[in-house]
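Participant: let's see this in three dimensions:
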Amino acid sequence: MSNALRIRVLGSVALFGVGLVLTGCKSAPDLTQDQALALIQAKYDQTPAVGANITVSDLGMRQGITAKYWNRTTIYPNKFWADFKLTDDGKKVVTLPAGGDVIQWRPDSLTDTNYSVVLVTTAANHLKARDIQNLQDETLPGVATAKGADFTEGVDLTGVPDALVEIAHDPGNQLAVKRHADFSLEAGAWKLHSIE
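Facilitator: Below is the predicted model of the structure:
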């Protein structure tokens, strides 16, 4: 057998082998926006439910008095410091991060409109993921096949009374933030790799 014939035979065998390998390989399953959203939400649902932090400004303090969540109990000689005690209704809907039942209102001046306090809802919920965008291939260290997507992470106010929801929507509160999630293909299935 001549060398030219041997090279042709070996080349044909090699080409046939490569064809077999390529036809035997399965392509990675596609990750849809709905699947990505479900993976993120599953992660949030696995974490313990918590109350939402609500920043209460001067407007919110007035709304809380109207809703009968707290009453002013002390006003200080400077006329802009005050203590507000949570009512029984207030104790059902909010807690103070440091404990107790007295909101210590301590602005810098009578005209200080930036002062606020943080209260926590007693209604505990899981974060909610929505609005998956920019789902695309990514490179992650140690991961052969990866994708990434941007999404909105939002606070869930289910079970929170309307008056407190209104306070939560006052300026100064951030009920939703943009986040980024990375996904990895493991054993033929997509998994949530990380959330940034």
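Participant: tell me the centre residue of this structure?
Facilitator: Glu153 (3.3 Å; Cα atoms, centre = their mean).
Participant: name the element that residue belongs to?
Facilitator: strand 143-154 (DSSP states H and E).
Participant: how about the helix or strand following that strand: buried residues?
Facilitator: Using DSSP H and E, the next helix or strand after strand 143-154 towards the C-terminus is helix 162-168. Under the neighbour-count criterion of 16 or more other Cβ atoms under 10 Å, helix 162-168 has Ala163, Leu164, Ile167, Ala168 buried. Using the backbone N, CA and C atoms, a C-beta is placed for each residue, glycine as well.
Participant: tell me which residues touch the last one, please.
Facilitator: Ala168 makes contact with Ala52, Ile54, Val155, Leu157, Val160, Leu175 under the criterion Cβ atoms under 8 Å, 6 or more residues apart in numbering.
Participant: list just the nearest of those to Asn114.
Facilitator: The shortest gap between Asn114 and any of the contacts of Ala168 belongs to Ile54, at 16.4 Å (Cβ to Cβ).
Participant: of the contacts of Ala168, closest to Asp131?
Facilitator: Nearest to Asp131 among the contacts of Ala168 is Leu175, at 13.6 Å by Cβ to Cβ.
Participant: is it true that the closest one touches Val160?
Facilitator: No: applying Cβ atoms under 8 Å, one finds Leu175 not in contact with Val160, separated by 11.1 Å.
Participant: in three-state terms, label Gly64 for me.
Facilitator: Judged by DSSP: H, G, I helix; E, B strand; the rest coil, the three-state class of Gly64 is helix.
Participant: do the same with the one 10 residues further on
Facilitator: What three-state DSSP gives for Thr74 is strand.
Participant: what sits against it?
Facilitator: Ala82, Asp83.
Participant: tell me which strands the strand or helix carrying Asn134 pairs with, and in which orientation.
Facilitator: Using DSSP H and E, Asn134 sits in strand 128-140. The strands beside strand 128-140 in its sheet (DSSP bridges) come out as strand 143-154 (antiparallel).
Participant: flag every buried residue along the partner strand.
Facilitator: Applying 16+ other Cβ under 10 Å to strand 143-154 flags Val143, Thr145, Ala146, Lys147, Gly148, Ala149, Phe151, Glu153 as buried.
Participant: do a quick rundown of the helices in the chain.
Facilitator: 3-24, 33-46, 58-66, 88-93, 162-168 (DSSP state H).
Participant: just flag whichever of those has the lowest average confidence.
Facilitator: Of all these, the segment with the smallest mean pLDDT is helix 3-24, scoring a mean of 48.
Participant: before we move on, the earlier item: list of residues touching the strand holding Glu153?
Facilitator: 28, 31, 33, 36-37, 40, 127-140, 175-185, 190, 193.
Participant: can we see that at 6 Å?
Facilitator: 28, 31, 36, 127-135, 137-138, 140, 176-177, 179-185 (Cβ atoms under 6 Å, 6 or more residues apart in numbering).
Participant: please list only the buried members of those.
Facilitator: Of these, these count as buried by 16+ other Cβ under 10 Å: 31, 36, 127-129, 132, 135, 138, 181-185.
Participant: thanks a lot, catch you later.
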